[in-house]
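[1] Show me how the following folds:
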Amino acid sequence: MRNSSFDWSELSAFYTEYSVANDKTKKMIVCLWIRLVSSNFHNAEVARLQVSIRNAQVQEELIKQQSMIIREELKDAQKENTQNVLNLEELELMHKSLLTDYSRLQQLHNLLTTDYDKIKRQCIIMEKELHSIPKKRLKNRGACA
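    This is a model prediction of the structure:
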């Protein structure tokens with residue numbers, strides 16, 4: 001492929017060689033030479049554009065591969081998220097159940113504490129009554145004797 005810049009020295013040598021030809025032929029030769037140079041320039045431009053197209057195709061393929069990888073990662077993340085949501089719902093149910101159990105145990109504890117306090121008061125009263133019974137009997141025996 002020739003240089004895409006216009007070389008006047010080559011044109012001059014070419015033009016001198018064919019100086020015998022008439023003006024019409026000379027003009028046609030010049031036109032053909034300009035077309036050749038222009039064609040070389042266009043060929044270079046086409047080659048550059050073909051390289052650009054190929055680079056774009058390679059980039060497109062790479063982007064498609066990356067896109068597929070990202071889609072797979074997204075699917076995996078969505079599956080994991082779904083599983084995490086299910087686990088969360090299960091934990092929320094367990095938490096609610098434990099709160100209910102805790103509330104029942106707290107109520108039972110309160111009832112048992114109340115019963116314990118009541119029985120403890122009754123025991124204290126009974127102990128006092130028990131200790132007072134022998135003293136009364138001793139007093140009554142002493143009066144009868």
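[2] In contact with S9, which residues?
    By CB atoms under 8 Å, 6 or more residues apart in numbering, no residues touch S9. Yep, even glycine has a C-beta here, placed from its N, CA and C like the rest.
[3] Where does it fall, secondary structure wise?
    Assigned by DSSP states H and E, S9 belongs to helix 8-17.
[4] other SSEs contacting the longest helix along the chain?
    If you go by DSSP state H, the chain has its longest helix at helix 23-144. With contacts taken as 3 or more CB pairs under 8 Å, 6 or more residues apart in numbering; DSSP states H and E, helix 23-144 sits against helix 8-17.
[5] 7 Å - rerun?
    For helix 23-144, there is no helix or strand it packs on, judged by 3 or more CB pairs under 7 Å, 6 or more residues apart in numbering; DSSP states H and E.
[6] gap between it and the chain center?
    11 Å (CA atoms, centre = their mean, to the nearest Å).
[7] circling back: pLDDT on the helix holding S9, on average?
    For helix 8-17, the mean pLDDT works out to 67.
[8] What of stretch 40-58?
    89.
[9] tell me which residues of that stretch are tucked away?
    N40 (16 or more other CB atoms under 10 Å).
[10] Can I get it in CSV? Just the C-alpha atoms.
    What follows is stretch 40-58 as a C-alpha-only set of coordinates in CSV (Å, rounded to 0.1, in the frame of the first residue of the first chain):
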residue,chain,number,x,y,z
ASN,A,40,-4.8,4.6,-1.5
PHE,A,41,-6.0,7.0,1.2
HIS,A,42,-9.4,5.5,1.2
ASN,A,43,-7.9,2.0,1.4
ALA,A,44,-5.9,3.0,4.4
GLU,A,45,-9.1,4.5,6.0
VAL,A,46,-11.1,1.3,5.2
ALA,A,47,-8.3,-0.8,6.8
ARG,A,48,-8.3,1.5,9.9
LEU,A,49,-12.1,1.2,10.2
GLN,A,50,-11.9,-2.6,9.8
VAL,A,51,-9.5,-2.7,12.7
SER,A,52,-11.8,-0.5,14.7
ILE,A,53,-14.8,-2.8,13.9
ARG,A,54,-12.8,-5.9,14.9
ASN,A,55,-11.8,-4.2,18.2
ALA,A,56,-15.4,-3.3,18.8
GLN,A,57,-16.4,-6.9,18.2
VAL,A,58,-13.8,-8.2,20.6
